[in-house]
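Novice: got a structure for you, letters missing:
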């Protein structure tokens, strides 16, 4: 009799963990808005004025606020900065809206919860890491009134990583390995992923002006975090690091006091790209940097919470394929479907084990952030 009981308990546990996740952007948006409504959250939708989703659906960045709009302490969680990474972030946000204990703790501490769902709704729906203009949003939040950042090495690596045909030939792959052999893996990763502003249909393109998503997140911060004196911002990502592990990446300013605050709130296992100890490259223009512009009176503690999926170079290969596909719309429909599915799988492990790991680690980080805000 014990075996059926164990099976039933396991099944119930798994369904509880997975029911917050979705299979499409449209489903994710509906779950998020439904959960926000059930919690009585203040909801606002920023609808994309020009584009529709892969299923013809409306595209929007949706905001849910639980707490006072003029709260001094705000816990902000964002999802979908990189398109299909939104499957993970949306699931974490919906789970948070269903976490009565966590919400009660926030209320008791006087901390407002601000959830921003689908920073990049176009990429989320169409299964592209980049937005409608092939812009990587974590390379777009820079000062466009100043000279654009220069990534001189990108011009040399682009023809290596984006060959004329896909999949790459053995000679194409040999050329990539030759570059890595000559310059090292660290230099290769930096050249490809740091961000570039010269090739609009290339990899990790930062754009030449603020994107719609850039303007939208700034408007959200100005409206919902203008009164904040302390802001803890968790931006949920996937695709780097060991499978299921949530790396705590510090994407903020390179100052001793700001980094010390991150360690104080989240522990010694916070890694900074500028220190060279993170799975992430030191990128230009992350979304989180907007907090310093739009919330100048707030002490900001930012984190990119990055969940591993596949080996890093496999993820990069699938990104290369997706970028190649943008350059080759004439590709056969079967190849298009395969490339898009493989990209989705690179950023979303659609299984119960991984989802459970995501929700458990996210909840720990949110509790840590609440504790930091409470003490601030």
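Specialist: On my side now, so go ahead. A quick note: this is a predicted structure, and the numbers were derived from the prediction, not measured. Residues are numbered from 1 along each chain as shown.

Novice: the helices in this structure, which residues?
Specialist: 2-18, 25-38, 86-97, 100-109, 121-126, 154-161, 170-183, 185-193, 212-224, 256-266, 290-294, 312-327, 333-347, 352-375 (DSSP state H).

Novice: Let me have those helices in JSON lines, extended by mean pLDDT.
Specialist: Putting these into JSON lines (pLDDT from 0 to 100) gives the following:
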{"stretch": "helix 2-18", "mean pLDDT": "47"}
{"stretch": "helix 25-38", "mean pLDDT": "98"}
{"stretch": "helix 86-97", "mean pLDDT": "98"}
{"stretch": "helix 100-109", "mean pLDDT": "98"}
{"stretch": "helix 121-126", "mean pLDDT": "98"}
{"stretch": "helix 154-161", "mean pLDDT": "98"}
{"stretch": "helix 170-183", "mean pLDDT": "97"}
{"stretch": "helix 185-193", "mean pLDDT": "93"}
{"stretch": "helix 212-224", "mean pLDDT": "98"}
{"stretch": "helix 256-266", "mean pLDDT": "96"}
{"stretch": "helix 290-294", "mean pLDDT": "96"}
{"stretch": "helix 312-327", "mean pLDDT": "97"}
{"stretch": "helix 333-347", "mean pLDDT": "97"}
{"stretch": "helix 352-375", "mean pLDDT": "97"}
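
Novice: For residue 51, find the nearest of those helices.
Specialist: Of all the helices of the chain, the one in closest proximity to residue 51, counting by CB to CB, is helix 121-126 (5.4 Å). Every C-beta, even on glycine, is put in place using the N, C-alpha and C of the backbone.

Novice: Report the buried residues of the closest one.
Specialist: 121, 122, 123, 124, 125, 126 (16 or more other CB atoms under 10 Å).

Novice: And the residue nearest to residue 316 when sequence neighbours are not counted, how far from residue 174?
Specialist: Among residues not flanking residue 316 along the chain, residue 192 sits closest, at 7.1 Å (CB to CB, 6 or more residues apart in numbering). Residue 192 sits 17 Å away from residue 174, going by CB to CB, to the nearest Å.

Novice: okay, these two: which has more neighbours?
Specialist: residue 192 (25 against 12; other CB atoms under 10 Å).

Novice: check contacts around that one.
Specialist: 154, 157, 161, 203, 204, 316 (CB atoms under 8 Å, 6 or more residues apart in numbering).

Novice: Surely residue 238 touches residue 345?
Specialist: No. Taking contacts as CB atoms under 8 Å, residue 238 lies outside contact range of residue 345: 10.9 Å.

Novice: which residues do those two both contact?
Specialist: residue 309.

Novice: These two: who's more crowded?
Specialist: Neighbours per residue, other CB under 10 Å: of residue 238 and residue 345, the larger number sits with residue 238, 26 against 16.

Novice: measure the more buried one to residue 74 for me?
Specialist: From residue 238 to residue 74 the distance is 24 Å (CB to CB).

Novice: sorry, back to before: quick one, which of the contacts of residue 192 are buried?
Specialist: Judged by 16+ other CB under 10 Å, buried ones among these: 154, 157, 161, 203, 204, 316.

Novice: nearest spatial neighbour of the third one, skipping sequence neighbours?
Specialist: I take that to be residue 161. Closest to residue 161 by CB to CB, 6+ apart is residue 320, at 5.2 Å.

Novice: Also the first one?
Specialist: Of all residues beyond its chain neighbours, the one nearest residue 154 is residue 196 (4.2 Å), with distances taken as CB to CB, 6+ apart.

Novice: For beta bridges, what are the partners of the one you found?
Specialist: For residue 196, the beta-bridge partners are residue 205 (DSSP bridges).
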